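Enquirer: Whatever this is, show me its structure:
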Amino acid sequence: MLLLLMPDAPAQRCAIAKTPTPSPESACPYTPADLTKNGDPKSPSKYSKYNPLNYMFSDISQDRADNQAVALPTEREPSTIPKGSGEGNWEYPSPQQMYNALLRKGYTDTDATAVESMVSVHNFLNEGAWAEIVEWERRFSRGLGRGWQMCKRGEAGSMAGADIGANEDEVVQPKLVRFMGRPKEMTPKAAMIQVMGWIYPAGFSTEPPFDRHDWFVQREVGGQKKEIRYVIDYYSGPDDPSGEPVFYLDVRPAVTPTQAIERMMRWGGDVWYRASGAALREKDNN
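Expert: Prediction:
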């Protein structure tokens, strides 16, 4: 099973990812358009050859492509992301599989010498996105009340003393059930940021996200399993002083009544904590 989430759409602001290698312009090897015919999910379509868990080709060859200038590694790196099936973790594609997938999608001008760097960036960003999702789950998988107790102390306070990751004794590790790349569909939040940048460029000006993904995550509480859709926007930032590229990931649960409250609690709690001077009062009390 391949976890192909190449940069190809929008990004978020709560985690900054720096890559050790530059990333050429890239594209998700496959992004579904319409998975059904005439709105009938039972109708066969040309997309039936794709894996419904990741909307990728069911098999991607490890064989060297025709006219391939350089040899590419075929080793696949395991991720830290558990599968929804419970059968271990998702695996990242090998550089050879990534190259073959891009060629199969039609990106015949892909530079084979850059593919290893592309895979490195791809894996790095996905691990960062999963870390953000795990942090959301750590806060809210035990309910809104428990989530607010953590969020009302702001980002710094809620993170203090907490391992980044779910603790099996308190929070069952979330699992990634399936995912979908949607690079041509800008999220409402990303579109709003673009509008604000046009109105107030000094405060909000930023390039549009270069990729967007939807990840469907299994949350388990008290033996009950629930599926939460997370939205991830991928942004490129200015290179750091050393010339290394910088990326921003905007990771948040999609808006439903419950998840909207989670978003308001996390972001609003942090703003109120800092604006009200609670941080300074706590420091004085200590």
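Enquirer: Quick one: the helices in the stretch 151-286 of the chain, in order.
Expert: Shown for the stretch 151-286 of the chain, the helices assigned by DSSP state H, counting those that start in this stretch span residues 154-159, 188-199, 201-204, 257-275, 278-285.
Enquirer: Which stretch among the ones you listed approaches residue 128 most closely?
Expert: Shortest distance between residue 128 and these, using CB to CB, is found for helix 154-159: 15.6 Å. The C-beta positions use only the backbone N, C-alpha and C, and glycine is treated the same way.
Enquirer: Output the helices of the stretch 151-286 of the chain in CSV; the columns should cover distance to residue 138 and mean neighbour count.
Expert: Output for these, formatted as CSV (distance: least, CB to CB, whole Å; neighbours: other CB atoms under 10 Å):
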stretch, distance to residue 138, mean neighbour count
helix 154-159, 9, 18
helix 188-199, 22, 14
helix 201-204, 30, 10
helix 257-275, 11, 15
helix 278-285, 21, 11
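Enquirer: can you put those helices in CSV and add mean pLDDT and distance to residue 133?
Expert: CSV is the format used below for those (pLDDT from 0 to 100; distance: least, CB to CB, whole Å):
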stretch, mean pLDDT, distance to residue 133
helix 154-159, 76, 15
helix 188-199, 84, 17
helix 201-204, 71, 25
helix 257-275, 89, 12
helix 278-285, 62, 26
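Enquirer: can you list these in a markdown table and add distance to residue 112?
Expert: Output for the helices of the stretch 151-286 of the chain, formatted as a markdown table (distance: least, CB to CB, whole Å):
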| stretch | distance to residue 112 |
| --- | --- |
| helix 154-159 | 41 |
| helix 188-199 | 32 |
| helix 201-204 | 39 |
| helix 257-275 | 41 |
| helix 278-285 | 51 |
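Enquirer: so how far is residue 67 from residue 86?
Expert: Residue 86 sits at a distance of 41 Å from residue 67 (criterion: CB to CB, to the nearest Å).
Enquirer: hang on, the earlier thing: tell me which of the helices of the stretch 151-286 of the chain sits nearest to residue 230.
Expert: Residue 230 lies closest to helix 257-275 among the helices of the stretch 151-286 of the chain, at 9.0 Å (CB to CB).
Enquirer: Tell me how many other residues surround the residue nearest to residue 123 when sequence neighbours are not counted.
Expert: Once flanking residues are discounted, residue 123 sits nearest to residue 92: 4.9 Å by CB to CB, 6 or more residues apart in numbering. Neighbour count for residue 92, taken as other CB atoms under 10 Å: 24.
Enquirer: closest one to residue 177 among the helices of the stretch 151-286 of the chain?
Expert: Using CB to CB, the nearest of the helices of the stretch 151-286 of the chain to residue 177 is helix 257-275, at 16.1 Å.
Enquirer: got the CA coordinates for the closest one in CSV?
Expert: The C-alpha trace of helix 257-275 is given here as CSV (Å, rounded to 0.1, in the frame of the first residue of the first chain):
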residue,chain,number,x,y,z
PRO,A,257,-20.7,21.0,14.5
THR,A,258,-18.4,19.1,16.9
GLN,A,259,-15.1,19.7,15.0
ALA,A,260,-16.0,23.4,14.6
ILE,A,261,-16.2,23.7,18.5
GLU,A,262,-12.8,21.9,18.7
ARG,A,263,-11.3,24.4,16.3
MET,A,264,-12.7,27.4,18.2
MET,A,265,-11.5,25.9,21.5
ARG,A,266,-8.0,25.4,20.4
TRP,A,267,-7.4,28.7,18.5
GLY,A,268,-9.7,30.8,20.7
GLY,A,269,-8.3,29.3,23.9
ASP,A,270,-4.8,30.3,22.9
VAL,A,271,-5.7,33.8,21.8
TRP,A,272,-7.7,34.4,25.1
TYR,A,273,-4.9,33.0,27.2
ARG,A,274,-2.3,35.3,25.8
ALA,A,275,-4.6,38.4,25.5
